[in-house]
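**Student:** Show me the folded form of this:
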Amino acid sequence: MYEDQSQALKISERIDVAIDVGESHFREFKTAFQGHEGTKTPRPTRDICSDVAEALVAFANGDGGELIIGVEDDSTITGIPHKDEDLQKILNSYKTHVHKNTPLKDVKQFKVDYRGYTVLYFQVLKSYDTIYLTSDGKCLQRKDMETVPIAPHAITFKRQEEVSRKYDREFVDNANINDLDIDFIKVIANDVSKGLSPEKLLQHLNLAEFTPIGLKIRRAALLLFAKDISIWHPRSQVRFVKVVGTELRSGVNYNATELGIVQGNIITLISDTWEKLRPFLVQTKLSSGAIFEKKIMYPEQACQEAIINAIAHRDYSMEGSGIEIYIYDDRLEFKNPGSLLSSITIEKIMELKGAHESRNAMLARTLREIGFMRELGEGMRRIFELFKKNELSPPMLSNENYNFTVTLHHKSIYSTEQKLWLDQFENDNLTSEEKSIVLLGYNNNLFSAQDIWDTIGIVDTEDYRKLVKSLQVKGILAGKYGNADKAKIVAKRAKVPFKKFKRYYIIKPELRGQPRKEIQREVSLDIEPDYEKSRVYVTNFPYSVSQDDLYEVFQTAGNVIDICLPINRETNKPRGFAFIAYESDNEAQRAIEKYNNSILGGRRIAVALALKKNKSFTRL
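**Tutor:** Below is the predicted model of the structure:
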């Protein structure tokens, strides 16, 4: 039994490490002052008490964490100038300012004399069975480096989740520090803070706790650093299966071969799994020059992220199961023991906004702090971005039969016909966005400026200009009706907003440079101007008014370039207001004078200048 009391991590040392590392998903600093530099005064005690309660509730509802009062956001130590009675109120705020029906558990709080300043230190562990509220009923959760409100019903728990969430934080009675790879831990400790001992690093990461009978080791420490993982977990492993073809068969038609099992603690498992998988990312293909060449079929970084995601977030409480990687002819499948947590859905992940919820909070925190993972929730987003960048079909996610599976295909996002069309422009070195525009003109189709905006997902006029200019300079993009002025006349006759008027087409390489009369090719650059200052805001019309109705009315004031009619994503109905862009400022002013306080659809409408376009709405 380890009994060296000198290795117990002191609170001051814990604060040292915290200040060195800075704020994170698991750590927050709060000042005790208010006002401007040179004239700062102590913040009201009640405000600090509220901050403490909100931070601790957010940490407990999240992945746990620590709060230090008396340190600025930039890690500058400024201390707490308050009286002792106020300090005591702040220390007790985790009780007095948290809802009486959800009292916080597992809270540590200390008053510390630190480098000549008084600071207060709080720590709370992740909750597994309670949703916490502040005394005024706010439900909060820590997301990356922010405390954000969250609906209580979004934090739901199932029995298996409770078991899996507790698994990595449990203390293992018969384990001690000698069961861990001390040499490796020393390297990590020195990286975190020079001279930090392995014992103190484990305490800093909450992987161990010093008690009167010695250092107690959590299961997370064993999963991460065990010398012999098989003693502590029978399935800390990744099994590789090669499937001949694109479907897994059974019985006499079974077409799979086990390629081996990689086993080890999490740190070694990440590197060994990558080395085992890497050869299967390459295939030998016959090139156009009749030469066999090796080609990387999958983005390597995406596969590394998929490995880390599987190992970090699998359900380790399912000790009879391990991770499985199936290698098909057309795809890779990373099959993970354990379904998604109930607070996370595939739809949320697919939004690519960093949605995450750590089943293994201590494992995730450690991997984040020692550099194996970046910001929590970013891994899946990077996988999707890498596949998009490499023009491959997006990953597929499934969550069934107590498994979460990530499937990566080496399939182009383009159909055979689209690829043949794009191959004609091979020498133009098109970007992926330029290719998307060229595809709009497939099979001699005409398309509009709005088609370009929608296809690329453009939200800024300058991005549109750069794309159009690039393609026009290359001689690829042209307009059917000559210059923009002529096209506007035709659009107005057709009663179509100019931005939605289909006038662009794509020039094939063999037709470039031919006389304009044969292909009506534009000579000058046709870049859509910025209509921000000639845009009007129209509101208070009934939902029954359509985009066509708006055009019919407002085109009488001038040349309508664009109409944006926002819709409610929940009801899929118009929201009762619109943005209408004219060609000139004068036309916009004319529309305001003519239609403000007029009747549209039986209601009196308001029309005003919209100086800034709202770019977050979905168009009809």
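**Student:** Does residue 366 touch residue 207 like I think?
**Tutor:** Yes - when contacts are counted by Cβ atoms under 8 Å, residue 366 is listed as touching residue 207 (6.7 Å). C-betas here are computed from N, CA, C, even on glycine.
**Student:** Now do the shared contacts for these two.
**Tutor:** Applying Cβ atoms under 8 Å, 6 or more residues apart in numbering, one finds that residue 366 and residue 207 are jointly contacted by 220, 224.
**Student:** quick check: domain ranges of this structure?
**Tutor:** Residue ranges of the domains in the chain are recorded as 5-152, 237-312+319-356+370-409, 416-519, 532-609, according to automatic domain parsing.
**Student:** Work out the gap between the first one and the centre of the chain.
**Tutor:** Computed by Cα atoms, centre = their mean, to the nearest Å, the separation of domain 5-152 from the middle of its chain amounts to 26 Å.
**Student:** oh, and call the first residue 404 from now on, that's how I've got it
**Tutor:** All right, first residue 404 from here; so that's domain 408-555.
**Student:** if I look at residue 769, how far off is residue 670?
**Tutor:** Applying Cβ to Cβ, to the nearest Å, the value for residue 769 to residue 670 is 10 Å.
**Student:** Give me the more crowded residue out of these two.
**Tutor:** The residue with more neighbours, out of residue 769 and residue 670 and counting by other Cβ atoms under 10 Å, is residue 769; that gives 27 against 21.
**Student:** Make sure the more buried one is indeed in a helix.
**Tutor:** Yes - membership of residue 769 in a helix is supported by DSSP: H, G, I helix; E, B strand; the rest coil.
**Student:** Enumerate every residue touching it.
**Tutor:** By Cβ under 8 Å, 6+ apart, the contact set of residue 769 is 608, 610, 623, 627.
**Student:** any residues in contact with both of residue 769 and residue 670?
**Tutor:** Here residue 769 and residue 670 share the contacting residues residue 627, scored by Cβ under 8 Å, 6+ apart.
**Student:** quick one: low-confidence parts of the stretch 754-903 of the chain?
**Tutor:** Along the stretch 754-903 of the chain, segments meeting pLDDT under 70 span 757, 778-780.
**Student:** Over to the stretch 454-603 of the chain?
**Tutor:** Low-confidence regions of the stretch 454-603 of the chain, defined here as pLDDT under 70, cover residues 556, 559-563.
**Student:** Pull up the distance across stretch 536-553, start to finish.
**Tutor:** 10 Å (Cα to Cα, to the nearest Å).
**Student:** Equivalent analysis for stretch 535-545, please.
**Tutor:** Rule used - Cα to Cα; the end-to-end distance of stretch 535-545 is 12 Å.
**Student:** Identify the residues contacting it?
**Tutor:** The contact list for stretch 535-545, computed with Cβ under 8 Å, 6+ apart, reads 428-429, 453, 456-457, 460-466, 468, 499-505, 507, 534, 550-555, 558.
**Student:** rerun that using 6 Å as the cut-off
**Tutor:** Under the contact criterion Cβ atoms under 6 Å, 6 or more residues apart in numbering, stretch 535-545 has outside partners 456-457, 460-465, 500, 502, 505, 550, 552-553, 555.
**Student:** tell me which of those residues is nearest to residue 599?
**Tutor:** Each of the contacts of stretch 535-545 was checked against residue 599 using Cβ to Cβ; the closest is residue 462, at 23.2 Å.
**Student:** Contact partners for that closest one?
**Tutor:** Each residue near residue 462 by Cβ under 6 Å, 6+ apart is listed here: 468, 527, 545.
**Student:** ChimeraX command for the buried members of these?
**Tutor:** In ChimeraX, the members of the contacts of residue 462 classed as buried (16 or more other Cβ atoms under 10 Å) are selected with the following command:
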select :468,527,545
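**Student:** could the contacts of residue 462 go into CSV alongside distance to residue 717 and secondary structure?
**Tutor:** Written out in CSV, the entries for the contacts of residue 462 read as follows (distance: Cβ to Cβ, whole Å; DSSP: H, G, I helix; E, B strand; the rest coil):
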residue, distance to residue 717, secondary structure
468, 23, strand
527, 26, strand
545, 23, strand
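**Student:** can you give me the strands in the stretch 654-803 of the chain?
**Tutor:** Under the criterion DSSP state E, counting those that start in this stretch, strands of the stretch 654-803 of the chain are mapped to 659-666, 685-689, 695-699, 726-730, 734-740, 799-803.
**Student:** So for residue 1019, what's the pLDDT?
**Tutor:** Listed pLDDT for residue 1019 reads 37.
**Student:** Revised request: answer the last question for residue 411.
**Tutor:** The predicted local confidence for residue 411 comes out at a pLDDT of 52.
**Student:** now the helices for the stretch 704-853 of the chain?
**Tutor:** Across the stretch 704-853 of the chain, reading from the start of the chain, the helices by DSSP state H, counting those that start in this stretch fall at 749-753, 764-772, 781-792, 819-826, 835-843, 852-859.
**Student:** out of these, nearest to residue 801?
**Tutor:** Put simply, out of the helices of the stretch 704-853 of the chain the one that sits nearest residue 801 is helix 749-753, at 7.6 Å, with distance taken as Cβ to Cβ.
**Student:** what about that closest one, average pLDDT?
**Tutor:** Computed over helix 749-753, the average pLDDT equals 85.
**Student:** what comes up buried for that helix?
**Tutor:** Within helix 749-753, the residues scored as buried using 16+ other Cβ under 10 Å are 751-752.
**Student:** Single out the most deeply packed of the helices of the stretch 704-853 of the chain.
**Tutor:** A comparison of the helices of the stretch 704-853 of the chain by mean neighbour count, using mean count of other Cβ atoms under 10 Å, puts helix 764-772 on top with a mean of 24.
**Student:** Send me it as CSV with only the CA atoms.
**Tutor:** The C-alpha trace of helix 764-772 is given here as CSV (Å, rounded to 0.1, in the frame of the first residue of the first chain):
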residue,chain,number,x,y,z
ALA,A,764,-16.1,11.9,-18.3
MET,A,765,-12.8,11.2,-16.6
LEU,A,766,-11.4,9.4,-19.7
ALA,A,767,-12.5,12.2,-22.0
ARG,A,768,-11.1,14.9,-19.7
THR,A,769,-7.7,13.1,-19.5
LEU,A,770,-7.4,12.5,-23.2
ARG,A,771,-8.3,16.1,-23.8
GLU,A,772,-5.8,17.5,-21.2
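**Student:** chain center to that helix, what's the gap?
**Tutor:** The gap between the average C-alpha position of helix 764-772 and the chain average comes to 17 Å, counting by Cα atoms, centre = their mean.
**Student:** for residue 521, helix, strand, or coil?
**Tutor:** For residue 521, the reduced secondary structure class is strand; criterion used: three-state DSSP.
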